[in-house]
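Enquirer: Okay, sequence plus prediction incoming.
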2 protein chains.
Amino acid sequence: MPVRLGELEQLVLLALLRLGHQAYGVTVQQEIAARAGRDLSFATIYTTLGRLESKGLIAARLGEATAERGGRRKTHYTVSRDGRAAVKDSLRALRTMTAGLGAAWELS
Amino acid sequence: MPVRLGELEQLVLLALLRLGHQAYGVTVQQEIAARAGRDLSFATIYTTLGRLESKGLIAARLGEATAERGGRRKTHYTVSRDGRAAVKDSLRALRTMTAGLGAAWELS
DNA sequence: ACCATATATTCGACTAAGTCGACTATATGG
DNA sequence: CCATATAGTCGACTTAGTCGAATATATGGT
């Protein structure tokens, strides 16, 4: 059974894909604010990352301490095979639902 | 403040746009099953339609009794101005999040 | 008139997802 | 060794998603 994504889960997954190596809590928050125009709290972002991880859609790894000013170490995330499949499924559904509606709606 | 759509709300709105005049509970359920591949109960569909209506994103009107076999009258739905705007916003966010990710992800 | 039955919608209950304010943890430079 | 910058966690609550079962209502046949 295909995993269902909530709309924020979908955005977070896409942000991770966009960010690649530098994907972690803070950058995800920023990417979603900058691109999707949604200024979410860090708590919201981390809650969602946690949920995605427990569903097996992303994997977390603790980063090394950097040479910068200070602060806790980052937790980096990568999208798993299942995560990629889930995103593709949700995008495919959107494509078939928007197909033929005209330029104003069309997504592909 | 722009209205936020859940992922099912988004699908239901798109189904209504696709169906036009013949949009009502049963056809919405069928359209989503056929296109998005999600076989949802009618209760789920009607719950969502109700939520969308109370948010002012769709409008309901009771239809006339038809000449067919029997049964209760249909409640037809149309997407309001705000509903259209909400769908466009959510699709726009998706486009900017998928832009530049490559053919496998791209939505427009 | 009545009622069987096809068709359409609603109820009640619960699980999952989204959201944030406030708090905790931890590197580093002075 | 501690002030402070940076990253992540907790607890609590609201909103969205979901369905089995029940309800409502036209019509055709008798």
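Expert: Perfect, thanks for sending it.
Enquirer: For DNA strand D, what's its nearest residue on chain A.
Expert: Closest residue of chain A to DNA strand D, CB to the nearest atom of the strand: residue A:71 (2.6 Å). Placement of C-beta: from N, CA and C, glycine included.
Enquirer: Distance check, that residue against residue B:39.
Expert: Distance of residue A:71 to residue B:39, given as CB to CB, to the nearest Å: 48 Å.
Enquirer: which of the two has more neighbours?
Expert: residue B:39 (11 against 8; other CB atoms under 10 Å in any protein chain shown).
Enquirer: which element is that one on?
Expert: For residue B:39, there is no enclosing helix or strand under DSSP states H and E.
Enquirer: Leaving out chain neighbours, which residue sits closest to it?
Expert: The shortest distance from residue B:39 to any non-neighbouring residue, by CB to CB, 6 or more residues apart in numbering or on different chains, is to residue B:33 (4.8 Å).
Enquirer: before we move on, what SS does the one you found have?
Expert: helix (DSSP: H, G, I helix; E, B strand; the rest coil).
Enquirer: C-alpha coordinates for the longest helix anywhere in chain A, PDB please?
Expert: If you go by DSSP state H, chain A has its longest helix at helix A:81-98. C-alpha atoms of helix A:81-98 as PDB (Å, rounded to 0.1, in the frame of the first residue of the first chain):
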ATOM      1  CA  ARG A  81      13.900   5.100  -1.700                       C
ATOM      2  CA  ASP A  82      10.400   4.900  -0.200                       C
ATOM      3  CA  GLY A  83      10.400   8.600   0.300                       C
ATOM      4  CA  ARG A  84      11.100   9.200  -3.300                       C
ATOM      5  CA  ALA A  85       8.400   6.800  -4.400                       C
ATOM      6  CA  ALA A  86       5.900   8.500  -2.100                       C
ATOM      7  CA  VAL A  87       6.700  12.000  -3.600                       C
ATOM      8  CA  LYS A  88       6.400  10.600  -7.100                       C
ATOM      9  CA  ASP A  89       3.100   9.000  -6.300                       C
ATOM     10  CA  SER A  90       1.600  12.200  -4.900                       C
ATOM     11  CA  LEU A  91       2.900  14.300  -7.800                       C
ATOM     12  CA  ARG A  92       1.500  11.800 -10.300                       C
ATOM     13  CA  ALA A  93      -1.900  12.000  -8.600                       C
ATOM     14  CA  LEU A  94      -1.800  15.800  -8.900                       C
ATOM     15  CA  ARG A  95      -0.800  15.600 -12.600                       C
ATOM     16  CA  THR A  96      -3.700  13.300 -13.500                       C
ATOM     17  CA  MET A  97      -6.100  15.500 -11.500                       C
ATOM     18  CA  THR A  98      -5.000  18.700 -13.100                       C
END
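Enquirer: do it and chain B meet?
Expert: Yes: interface with chain B: helix A:81-98 contributes A:87-88, A:90-91, A:93-98 (CB under 8 Å from any CB of the partner chain).
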